[in-house]
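**Student:** What follows is a predicted structure for the sequence shown.
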Amino acid sequence: MLPDGAACARIPGLQLVPGVITREDETLLLEFIASLEGAWGVIRMRGQVAKRRMICYGRNYVTLSRKLTPAPPIPPPLLGVRERCAQHAGVALSAVEQVIIADYPVGAGIGWHADAPVFGEPVFTISLLGPAVMQFRRGNSGRATHAVTLPPRSLLVMRAASRWEWQHQVPPVRRHRYSITLRTLRRLGRSPA
């Protein structure tokens, strides 16, 4: 399996930006996340309750029906993160319509997937608290071929082939971690790259 730098170089459109937020920003975000107790949604996958939890803002995506539904508005503590991601990628702030906070306690992960086709590009993920490894494989071709370590306060950007032609997963984490994932919607008439 290729390490971080080689993986980013070999997967078109994949970019890792370390230190995109400061330790102070991270502390403020973690304080905000701590205030959300009771707001977390349970994730069910194939009839099982997942170890990770999440909260959606802006838009919900209902996996079974493959439909978008309204979610609570993006709260002020997340607006700066949204703005930073939009600026970094050169997309309009209004295009970033969904923000998801995911809680990964020790032992939680997420299996192989590609983000739903209703979402566009780029897809952003900011890592908080503990690090994680994100593994990649082309399509559903079998085992992981590339891995990228996502350090705390880093930003991972997926666009082009990394968004449309590769799947990703996060194996069970060894330290408690939060991720903030931001997504745009795919506009009618625009097909994947």
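**Tutor:** It's in.

**Student:** make it CA atoms for all contacts and neighbour counts henceforth
**Tutor:** Will do.

**Student:** the strands in this structure, which residues?
**Tutor:** 14-17, 41-45, 48-57, 59-62, 67-70, 96-104, 110-113, 119-129, 132-138, 146-150, 155-158, 166-170, 177-185 (DSSP state E).

**Student:** Going by mean pLDDT, which of those comes out lowest?
**Tutor:** The weakest mean pLDDT among the strands of the chain belongs to strand 41-45, with a mean of 67.

**Student:** What number of residues are in the vicinity of the closest residue in space to residue 29 that isn't next to it in sequence?
**Tutor:** The shortest distance from residue 29 to any non-neighbouring residue, by CA to CA, 6 or more residues apart in numbering, is to residue 77 (6.8 Å). Neighbour count for residue 77, taken as other CA atoms under 10 Å: 14.

**Student:** per-residue pLDDT, residue 77?
**Tutor:** 95.

**Student:** Surely it and residue 33 touch.
**Tutor:** No - taking contacts as CA atoms under 8 Å, residue 77 lies outside contact range of residue 33: 9.4 Å.

**Student:** Nearest approach to residue 6 belongs to which of the strands of the chain?
**Tutor:** Of all those, strand 146-150 sits nearest to residue 6, with 8.3 Å by CA to CA.

**Student:** Pull out the CA atoms of that closest one and give them to me as CSV.
**Tutor:** Provided in CSV are the C-alpha atoms of strand 146-150 (Å, rounded to 0.1, in the frame of the first residue of the first chain):
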residue,chain,number,x,y,z
HIS,A,146,-3.5,3.5,-1.1
ALA,A,147,-3.7,4.9,2.5
VAL,A,148,-3.6,8.5,3.7
THR,A,149,-3.1,9.4,7.4
LEU,A,150,-5.4,12.2,8.4
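
**Student:** Test my guess that residue 22 contacts residue 153.
**Tutor:** Yes - contact criterion CA under 8 Å: residue 22 and residue 153 qualify, at 6.9 Å.

**Student:** quick one, which of these two is more surrounded?
**Tutor:** residue 153 (22 against 12).

**Student:** Next up, the contacts around the more buried one.
**Tutor:** 18-23, 26, 126-129 (CA atoms under 8 Å, 6 or more residues apart in numbering).

**Student:** Dump the C-alpha coordinates for the helix ranked longest in the chain into PDB.
**Tutor:** Counting residues, the longest helix found in the chain (DSSP state H) is helix 76-89. Extracted as PDB, the C-alpha positions of helix 76-89 are listed here (Å, rounded to 0.1, in the frame of the first residue of the first chain):
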ATOM      1  CA  PRO A  76     -22.400  29.700  13.500                       C
ATOM      2  CA  PRO A  77     -19.500  27.700  15.000                       C
ATOM      3  CA  LEU A  78     -19.300  25.800  11.700                       C
ATOM      4  CA  LEU A  79     -19.500  28.700   9.300                       C
ATOM      5  CA  GLY A  80     -15.800  29.600   9.500                       C
ATOM      6  CA  VAL A  81     -14.900  26.000   8.600                       C
ATOM      7  CA  ARG A  82     -17.300  26.100   5.700                       C
ATOM      8  CA  GLU A  83     -15.900  29.400   4.500                       C
ATOM      9  CA  ARG A  84     -12.300  28.200   4.800                       C
ATOM     10  CA  CYS A  85     -13.100  25.000   2.700                       C
ATOM     11  CA  ALA A  86     -14.900  27.000   0.000                       C
ATOM     12  CA  GLN A  87     -12.100  29.500  -0.300                       C
ATOM     13  CA  HIS A  88      -9.500  26.700  -0.400                       C
ATOM     14  CA  ALA A  89     -11.300  24.900  -3.300                       C
END
